[in-house]
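*Asks:* Prediction below, plus the sequence it came from.
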Amino acid sequence: MSLVEEATRIAREFDYPAEQVQRGVSEYIRQLNEGLAKENTTLSQIPTFVTAVPNGTEKGLYLAVDLGGTNFRVCSVQLHGDTTFSLTQSKIMIPRELMASGTSKDLFLFLARQIESFLRIHHNEHFEAHLRRRLDGNHEQDLFDLGFTFSFPVRQFGINSGTLIRWTKGFNIPDAVGHDVCALLQSAIDELQLPVRVAALVNDTVGTLMARSYTSPGETGTFLGAIFGTGTNGAYVEKLDKITKLQHMKDAHYDKSTGEMIINAEWGSFDNHLSVLPSTVYDHDLDAESNNPGVQMFEKRVSGMFLGEILRRALLAIHNNPKLAIFKASETSKVSLPSDSLFYRQWGLDTSLLSQVEADTTKDYVDVKAALKDHLKIENPSNDECEAVKILVHAIGKRAARLSAVPLAAILIDAGKLDSDDVVDVGVDGSLVEFYPNFEGYMREALREVPQVGDAGNKKIRIGISKDGSGVGAALIALVASKDETLHTPHKE
Ligand code: BGC
C-alpha cells in the first residue's frame, strides 16, 4: 500500500455520514432535556440567571476580565447605547506553572495584579480618587463593576456566584474545584484594595450571545452564542418552564418576567459515555493519555486544543509503520525530521497548522511545506508526504465541522425555532470558525442533512462572527447585575 493510499484509508475512519449526524441530533435532544431536569448529567445545561438579551441601547462604563485560554485579558468597555462600544484592553500570557501546578490563590492574585496595572495605566484618575476616599473611610463609592468571563464549567447559584465543576483545556489547579470563583477573585482584588466589585460571572459563550445581540442588526435578539476555538461550547435562550431543575434551587434569585433564561449548555461534554459520538483509535488514545479522561468527549473531537493532537497521532501511526515511509529519510527521500521536533511531543502540534494546510491550493504544496517547517521543523517533504498530510487534515477538520452541526441543529429543533419564518440569529467566535477554511460551509452541509432542518431551515439560520464576547458581553452582564441592588452582597468564601 502506498503512503497516499494509507492516508486515505485512515481518513475514511473520520467519515461522519448523514445518518450518524441524525442519530447525534436525536441523542443530543434527549441529553439536553435530561440536563434541564436534573444535576450531574452529561450535558450540564447550566442556568446562568441572565434572563434577557440586550437590544443595543445599553449604556455605561464597565470592566471585564477573561480567563479561559492561554491569555488573560483585562478590558474596560464603554457601551454607547447605539449598538456601538469602545474597548480598551490589555492581554497577558498566563505562566504555565500558574495554569497547572500552582494554587488557586497564586492564580487569582496574579489576575488581580493584572487588573491593578490595567487600572493604573488606563483609569488612574479614578483609581487615585478611590484611594483618597478610602483614607477618608468611604470604601463603597464609585466601584467599578466587573464582568468575570470564566470559561470553564461552573455550577452557578446566581448571576455573580458559581463553583467550579472541573477544569478543561489544559488547566489543572485542584484546590479551586468546588469553590466559588467570583469569591476567589473578589478576595484577591480586596487583598490589593482595588476599587472593583465582581458583579457577574460569565461563560464566554454567554458573552458571545450577549455581544452579538447588542451589535447585530435588526429587531430580533440573538438566540444562540457558540465558541469553536481552543474549546467548544454554546449558550442559548431557553424557556423558564422547561428548566425544571430550577425548582430545586430555592434560594436562587432572578427576574422571572421575561419567562426565559440563558442556558450554558457545556456541550463539550455531550455524550461523554460515547453512545453516538464517532471514535477512532486516535480519539481513544488521545483521551486515555489526557489529564481528564472520560470527559469533554465532544470537545476532544471538535475543538482546537485537540485537532492538532489527533492529526499528530494519525501521522505518527504511519511514521511508525515499518512498511510505510512518512518523514523518514532514505535513498529516495531527502526529508529531515529532527529528534527534537514537536512531532514527537504530546500536544506538540498546534491546530493552526490544520488551517494553514487546508488553505493550501497550490499544486506543489507551498503552504503545507511552510507549515511543516515552521511547526515541526520538517524539511524537504515529498509531494506524497504533503498529500498524505493534506488528506488527514481535511478529514479531521471536516469531521469537527460536521459534528458542530449536531448541537446547533438539536437546540434549534428542540426550541421550535425552525417552525416559523423568522430568521434565527447565531453569534460565533473562536479560531476554528474564524480561520479553518470553510468550517461554516461543512457545518451547514451537515445541518441540511438533518430532515427537520433541511435546506429551508438552513436558510433561516443567520450565523455571524461575534468578536469580543468576553469583553462586551461580560460588560453587558455586569450592567444587568449592577442594576439589581439585591445582588450587592459582599463575596466571602
Ligand atoms: C469550557 C467551556 C467554554 C468552552 C469555550 C470549554 O472547555 O468547558 O466553559 O465555554 O471551552 O471556551
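*Replies:* Looks like it came in fine.
*Asks:* Against residue 296, how distant is the residue of the chain found nearest the ligand?
*Replies:* Nearest residue of the chain to the ligand, counting by C-beta to the nearest ligand atom: residue 231, 2.3 Å away. Any C-beta I mention is one placed from the backbone N, CA and C, and that applies to glycine too. According to C-beta to C-beta, to the nearest Å, residue 231 and residue 296 sit 8 Å apart.
*Asks:* what sits in contact with each of those two?
*Replies:* Taking C-beta atoms under 8 Å, 6 or more residues apart in numbering as the contact rule, residue 231 and residue 296 both touch 168, 268.
*Asks:* circling back: so the residue of the chain closest to the ligand sits right up against residue 169, yeah?
*Replies:* Yes: using C-beta atoms under 8 Å, residue 231 makes contact with residue 169 at a distance of 5.0 Å.
*Asks:* So those two - more neighbours on which side?
*Replies:* residue 231 (25 against 22; other C-beta atoms under 10 Å).
*Asks:* check contacts around that one.
*Replies:* By C-beta under 8 Å, 6+ apart, the contact list for residue 231 reads 68, 69, 151, 168, 169, 268, 296, 299, 303, 304, 305.
*Asks:* shared neighbours of residue 231 and residue 169, anything?
*Replies:* The contact sets of residue 231 and residue 169 overlap at 68, 69, 305 (C-beta under 8 Å, 6+ apart).
*Asks:* So what's the residue count around the last one?
*Replies:* Same thing as residue 305. 23.
*Asks:* quick thing: my sequence starts at 822, can you match it?
*Replies:* That works, and once the first residue is 822, the last one we named lands at residue 1126.
*Asks:* how far is the host helix or strand of it from where the chain is centred?
*Replies:* Per DSSP states H and E: residue 1126 is located in helix 1125-1140. With C-alpha atoms, centre = their mean, to the nearest Å as the basis, helix 1125-1140 stands 21 Å off its chain's centre.
*Asks:* follow-up on the earlier one: where is pLDDT lowest across the shared contacts of residue 1052 and residue 990?
*Replies:* Across the shared contacts of residue 1052 and residue 990, no position has a lower pLDDT than residue 890, which has 81.
*Asks:* Let's verify it: helix, strand, or coil?
*Replies:* Classification of residue 890 by DSSP: H, G, I helix; E, B strand; the rest coil places it in coil.
*Asks:* List phi and psi for it.
*Replies:* In terms of degrees, to the nearest 10, the main-chain angles of residue 890 are phi -150, psi -140.
*Asks:* what number of residues lie near it?
*Replies:* Neighbour number of residue 890 under other C-beta under 10 Å is 23.
*Asks:* and the closest residue to it other than its chain neighbours, what element?
*Replies:* In this structure, residue 890 finds its nearest non-sequential neighbour in residue 1051, 4.9 Å apart by C-beta to C-beta, 6 or more residues apart in numbering. Counting by DSSP H and E, no helix or strand carries residue 1051.
*Asks:* Residue 1051 is in contact with residue 1250, isn't it?
*Replies:* No: contact between residue 1051 and residue 1250 fails when scored by C-beta under 8 Å: they sit 11.2 Å apart.
*Asks:* more neighbours, those two?
*Replies:* Comparing residue 1051 with residue 1250 by other C-beta under 10 Å, the one with more neighbours is residue 1250, at 26 against 21.
*Asks:* Can you spell out which residues form a bridge with the more buried one?
*Replies:* Assessed by DSSP bridges, residue 1250 has beta-bridge partners residue 1048.
*Asks:* got a list of what it touches?
*Replies:* 1025, 1029, 1046, 1047, 1048, 1049, 1050, 1286, 1287, 1288, 1290.
*Asks:* And it, what's its pLDDT?
*Replies:* Residue 1250 carries a pLDDT value of 95.
*Asks:* which residues does the closest residue to residue 996 other than its chain neighbours contact?
*Replies:* Nearest residue to residue 996 in three dimensions, chain neighbours excluded: residue 925, at 5.1 Å (C-beta to C-beta, 6+ apart). With contact taken as C-beta under 8 Å, 6+ apart, residue 925 is in contact with 994, 996, 997, 1000, 1005.
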